[in-house]
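Novice: Here is a sequence together with a model predicted from it:
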Amino acid sequence: MKKFSKIFVISYCFSFFFFQTIFAGTVVDKFKIEGIRTIASTKALQSELLKKLDIKILDLNLKSTDSGWPVLRVEYDPEIVTRTKIETAIGEIEDPAGHNYKVHKGPLNANANLIEEENQAMMKFGDLTMDLKQVNNPTVDFDSSIKRGKDMFIKNCAKCHGLNGNGYGVVAHGFTTWPRQLWAWYKADSAADSYLYWIIENGKSDMPPWGLVLSEEERWDLINYIKTIKKPEGN
Amino acid sequence: MAEKIRPPRIRVSRRIKKNKVFKVKVKFDHPSFTGLAMADDTSDPVFNRAIPVTFIRNMLVYYGDELVSRLRLSSGIADEPLFTFKLKAIKEAPVKVVFIDNFGKRWEASKEIKFKG
C-alpha cells in the first residue's frame, strides 16, 4: 500500500510540474478579423502571424460565429505577448492582393439609426400596411413538418436571421433594419399564425416576399419550425 | 470601388417650360460594397464577412419644400451611381436631392429651377 501511495505522489508531482511548465500562464483569446476576402488571404494571415509572434493559432472560424465576423482563436503567453501586440501585428499584415487585415472593433450593426429626415420621409412614403387574414394551420404531422421547416430555414432564412435565429446572419449587417430575432415566437400559439404567415408571404422591410418562392405547405413548415427556436445562451 | 466620397452634383435640362416634364441627373461618388467575400466555398453559407458594408441607404428628392420622392437603396447599387429622373415643372423652386448612407451621414445638392421660354 505504501509503495502504491509513493508512486501516486511521485506521478502526481511529476504531472503537475510537467503541465505547469508546458501550459504555464497561457491564455486563449479571440479576435474578430476584417479583411479575409479570399482563400489565399485566409492562409496568408495565419502564416504571417506565426512568423511575427510566438503564439499558437488554434483555429479560424469564418462563418459560424455569433457576430458573423470571422474569429481567430489564439493561444499565447501573456508575459511574452499581449493582446495589443497581436492586434498591431494583424494590422501590419498584408494579404496577397495588398489589403491590410484589421481586428474588428466596431458595432455589431454597421447600420446607423435612421435620422429624423428619413423617419419623416418614411411616414410619407412608408411600407405597405399589413392586411392580416385569419388563417388556420393545416399541419397534421408536426414532427415531419418541423424537420422540413428546419431544412428550409437553413437553406433560405439563416443567411439573414442566423443559424440559431438570433438575427446575426452573415448578410444581415447590410440591411436598413436588423433581422428579427426569431425566438420571440418560441412556443407561440395560433394567435401568431396570421402575422407569421403574412410576413413570410409578403416580406417586410428588407425581407423579400417568400410567397413568390415557397408553397403554402412550405410556409406552414417554416412557421412550425420557427415556433421551436429557443433563445440561444449568451445572446 | 470608389475610395473617396465626393459631394453629389445635379444637372437639369437647359430649357424648362412651365407644366412640362424636365429631366434631372444626379451623380454621387460614393462606394457601394456588400462587405461579403467568399474565402471558403465548401461550406454553407458560402459568404463570410470581409469588410464593413457601405452603401447609400436613402435618397430623398425635394421640389421646393415638398418631399416628392424617396428611393430606398441597398448595397446592390453601383459605385458612384448616376440617377436620372423626371419632374413636372409646376413652380420655380429649387430641386434638392439628399443622400443618407448606412452610417447615417448626410449629403445634399440642389439646383434652382427657372422657366425659360
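Specialist: Received it, and whenever you're ready, just let me know what you need.
Novice: Leaving out chain neighbours, which residue sits closest to the residue in chain B that chain A sits nearest to?
Specialist: Closest to chain A within chain B is residue B:104: 3.3 Å, counting by C-beta to the nearest C-beta. Quick note: C-beta positions are derived from backbone N, CA and C, even for glycine. Spatial nearest neighbour of residue B:104, excluding adjacent residues (C-beta to C-beta, 6 or more residues apart in numbering or on different chains): residue A:112 at 3.3 Å.
Novice: neighbours around that neighbour, how many?
Specialist: Burial of residue A:112 is recorded as 14 neighbouring residues (other C-beta atoms under 10 Å in any protein chain shown).
Novice: Out of the helices and strands in chain B, which is least certain?
Specialist: Least confident element among the helices and strands of chain B, by mean pLDDT, DSSP states H and E: strand B:48-49 (a mean of 84).
Novice: That one: partners in the sheet, and parallel or antiparallel?
Specialist: strand B:36-37 (antiparallel) (DSSP bridges).
Novice: Pull the residues that contact the strand it pairs with.
Specialist: Defining contact as C-beta atoms under 8 Å, 6 or more residues apart in numbering or on different chains, one finds that strand B:36-37 is touched by A:36, A:37, A:38, A:170, A:171, A:174, B:47, B:48, B:49, B:50.
Novice: returning to that earlier point: tell me, how many residues neighbour the residue of chain B closest to chain A?
Specialist: Around residue B:104 there are 13 other residues, counting by other C-beta under 10 Å.
Novice: Could you pick out the residues of chain A near chain B for me?
Specialist: A:34-39, A:41-42, A:62-63, A:68-70, A:106, A:110-115, A:117-118, A:120-122, A:124-125, A:154, A:158-159, A:169-171, A:173-174, A:176, A:206 (C-beta under 8 Å from any C-beta of the partner chain).
Novice: Leaving out the residues flanking it, which one is nearest to the spatially most central residue of chain A?
Specialist: In chain A, the C-alpha nearest the mean C-alpha coordinate belongs to residue A:66, at 3.1 Å (C-alpha atoms, centre = their mean). Among residues not flanking residue A:66 along the chain, residue A:168 sits closest, at 6.3 Å (C-beta to C-beta, 6+ apart).
Novice: cool, residue A:79 as well?
Specialist: Distances taken as C-beta to C-beta, 6+ apart place residue A:25 nearest to residue A:79, at 6.1 Å, with adjacent residues excluded.
Novice: thinking again about what came up before, give the contact list for the residue of chain B closest to chain A.
Specialist: Applying C-beta under 8 Å, 6+ apart, the residues near residue B:104 are A:112, A:113, A:114, A:115.
Novice: Let me know the closest of those residues to chain B.
Specialist: residue A:112 (3.3 Å).
Novice: Look up how far residue B:105 lies from that closest one.
Specialist: 8 Å (C-beta to C-beta, to the nearest Å).
Novice: With residue B:43 instead?
Specialist: From residue B:43 to residue B:105 the distance is 35 Å (C-beta to C-beta).
Novice: circling back to that earlier point, just the buried subset of the residues of chain A next to chain B, please.
Specialist: A:34-38, A:41-42, A:62-63, A:68-70, A:110-111, A:114-115, A:118, A:121, A:158-159, A:169-171, A:173-174, A:176, A:206 (16 or more other C-beta atoms under 10 Å in any protein chain shown).
Novice: now, which of those lie within helices?
Specialist: Residues of these located in helices (DSSP state H): A:41, A:42, A:118, A:121, A:158, A:159.
Novice: Make sure the second one is actually in contact with residue B:39.
Specialist: Yes: in this structure, residue A:42 is within contact of residue B:39 by C-beta atoms under 8 Å, at 5.0 Å.
Novice: who touches both of the two?
Specialist: Shared contacts of residue A:42 and residue B:39, counting by C-beta under 8 Å, 6+ apart, come down to A:36, A:62.
Novice: hmm, back to that, from the contacts of strand B:36-37, which single one is nearest residue A:132?
Specialist: Closest approach to residue A:132 among the contacts of strand B:36-37 (C-beta to C-beta): residue A:171, at 27.8 Å.
Novice: Tell me how far that closest one lies from residue A:41.
Specialist: In terms of C-beta to C-beta, residue A:171 sits 20 Å off from residue A:41.
Novice: Let me see the contact set for residue B:81.
Specialist: Neighbours of residue B:81 in contact, by C-beta under 8 Å, 6+ apart: B:27, B:28, B:30, B:32, B:56.
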